[in-house]
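Asker: turn this into a structure:
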Amino acid sequence: MANGVFHTAYGIEINLTLPDLGHPHRPGLLAEITAPIDRRERELLECLEHHRDGYCQAEEDDRAPWMTIRRRTVGGRTAWVAAHLPVRHTPTSEESAKRDAMKERIARAAERHGLHAEVGARAADGRIRTDVLVTGDSGLRIGWEAQYAPISAETVRRRSRTAAEHGIVPLWVTDSDRSAAVERAPWARVDNFGWREIASSLAMVVRAGVRHLQQWKCLPSSERPCPVNGSFCNRFHTGWYLPALCLPAKPPTEVDELVVASADGEFVPMRVPSQGDPRSVSRMWVPAADRDRWHEAFGPDDEGEGAVEQPAPDAGITYTRQALDPTCRYGEETFTFDDPRPRRGNSAGTGLHTLDEVPERLFRVPRQERRLVVTEPQREAAAVAHGCEVWQVGPCAGCGSPIHRYGARGVHACAGCRTRVAGR
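Answerer: As a prediction, the model looks like this:
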């Protein structure tokens, strides 16, 4: 990676290690060169080595000589670097056919359930706003984007923000876990089917992007091992899991089902910040009831569940004031780029939150004294009546009567108290 680029419009060389970029009389230069590609000329910035010598090694790997400016983080320091753009990708006939088939399938599923669907919905200015606009009975509008060709992260953010500004909840569907839509906007991933399979009545399961809430007290008797230490920690865990990983397992959600459930508000978009790093965010579609349970424990998201990830602000840049280096460094990328998406595999992937105790507000049955005041004969009689061990007898959290409270099959309250709470 070179530390500078050539500006083809101004005919100047730019040094990215200087606060003024080597041109103090051009105060708006940084904003101009860091603008998203779709907002500036693609050939605005050129590789310095290519400009000087007419060739650079990036061209051997099917890269263009044109550059983009990114933030690079190495050893905790962030700086501007120039990176080669790939050769512009034109959707293949297969990608276009799959996209068209998916749009037709979404519209067909919506209309089959009495919902209104508009393919290629346009704004007042005539520009296409979303691939398929599905409107529910309550007026909720879901803007489906069938994305099978490569797309930039900025384009995902921009189109999602535009949809949100028009009162539309964006929903990106893709068959690739490397798509820029993943974790940057409300999304769903399906299998890599051909267009004929997409157009058929074959079931299409959502493989990622739909999750269910799981909450449990981490005890030795818990069915799920502790996600922190692999054993148990006696704390309260809350996380979002794929249907097959829930206990008990949930049925998978199909695309046709998500079309209807999202428009009806039965499935809603969630934006779950990591407990350890609020900047690391997981995005998913979840049952509305699970969303409500999450809000009871942690409160609503201040930015809104359908909020779209904003680019990182221009802050924290370190300017090293080096000499301009025209050598093309393509192929030497050993650093990481700043990216607001959570890394797959960390705790943000499930939105794991751990608390020392179960929040009081989650209890439907009022707390009672945990100490059971009964005689030993009475405790033994209760154990016989409930078919459990003597040590598993404890007080009902509602009425205080002796019940099978502890152990693998223990319950929090007696059947009568649970029935009264459920009926509220």
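
Asker: quick check: domain ranges of this structure?
Answerer: 4-88+316-337, 93-210+253-309, 363-422 (automatic domain parsing).

Asker: deepest-packed of those domains, please.
Answerer: domain 93-210+253-309 (a mean of 18; mean count of other C-beta atoms under 10 Å). To be clear about C-beta, it is placed using only N, CA and C from the backbone, and glycine gets the same treatment.

Asker: dump the domains of the chain to TSV, plus mean pLDDT and distance to Leu352.
Answerer: Shown next, in TSV, are those (pLDDT from 0 to 100; distance: least, C-beta to C-beta, whole Å):
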stretch	mean pLDDT	distance to Leu352
domain 4-88+316-337	81	23
domain 93-210+253-309	88	7
domain 363-422	83	22
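
Asker: and those as JSON lines, adding distance to Ser231?
Answerer: JSON lines is the format used below for the domains of the chain (distance: least, C-beta to C-beta, whole Å):
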{"stretch": "domain 4-88+316-337", "distance to Ser231": "32"}
{"stretch": "domain 93-210+253-309", "distance to Ser231": "20"}
{"stretch": "domain 363-422", "distance to Ser231": "16"}
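
Asker: so for this protein, the centremost residue is which one?
Answerer: Arg283 (2.3 Å; C-alpha atoms, centre = their mean).

Asker: and the nearest residue to that residue once chain neighbours are set aside, how close does it get to Met284?
Answerer: The shortest distance from Arg283 to any non-neighbouring residue, by C-beta to C-beta, 6 or more residues apart in numbering, is to Glu183 (5.3 Å). Glu183 sits 9 Å away from Met284, going by C-beta to C-beta, to the nearest Å.

Asker: do Glu165 as well
Answerer: Taking C-beta to C-beta, one finds Glu165 at 23 Å from Met284.

Asker: which residues touch Val384?
Answerer: Listed by C-beta atoms under 8 Å, 6 or more residues apart in numbering, Val384 has no contact partners.

Asker: same check, this time on His237
Answerer: 214-216, 218, 226-228, 352-354.

Asker: report the buried members of these.
Answerer: 214, 218, 226, 352-354 (16 or more other C-beta atoms under 10 Å).

Asker: these in helices, which ones?
Answerer: Among the buried ones among the contacts of His237, the subset assigned to helices under DSSP state H is empty.

Asker: send the alpha carbons of stretch 143-153 over as CSV?
Answerer: Extracted in CSV, the C-alpha atoms of stretch 143-153 (Å, rounded to 0.1, in the frame of the first residue of the first chain):
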residue,chain,number,x,y,z
GLY,A,143,-38.1,-3.0,1.1
TRP,A,144,-36.5,-6.3,-0.1
GLU,A,145,-33.2,-6.1,-1.9
ALA,A,146,-32.2,-9.3,-3.7
GLN,A,147,-28.4,-9.0,-3.8
TYR,A,148,-26.5,-11.7,-5.8
ALA,A,149,-23.7,-9.5,-7.4
PRO,A,150,-20.9,-7.9,-5.4
ILE,A,151,-21.8,-4.6,-3.9
SER,A,152,-19.9,-2.1,-1.8
ALA,A,153,-20.5,-1.5,1.9
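
Asker: ok, and what's touching it?
Answerer: 36-38, 89, 91-92, 95-96, 98-99, 102-103, 106, 121, 129-134, 159, 163, 168-175, 179-181, 184, 259.

Asker: helices - which of those residues land there?
Answerer: Going by DSSP H, the helices hold 95-96, 98-99, 102-103, 106, 159, 163, 259 from the contacts of stretch 143-153.

Asker: ok, the helix or strand encompassing Ile14: who's next to it in the sheet?
Answerer: Here Ile14, judged by DSSP states H and E, is contained in strand 12-15. According to DSSP bridges, strand 12-15 forms sheet pairs with strand 4-7 (antiparallel).

Asker: what about the helices in the stretch 251-400 of the chain?
Answerer: 255-264, 288-298, 376-386 (DSSP state H, counting those that start in this stretch).

Asker: ok, now which ones touch the nearest residue to His116 once chain neighbours are set aside?
Answerer: The spatially closest residue to His116, leaving aside those adjacent along the chain, is Thr135, at 4.5 Å (C-beta to C-beta, 6+ apart). Residues near Thr135 by C-beta under 8 Å, 6+ apart: 115-118, 141-142, 263.

Asker: likewise for Leu44?
Answerer: Counting by C-beta under 8 Å, 6+ apart, Leu44 touches 7-9, 33, 66.
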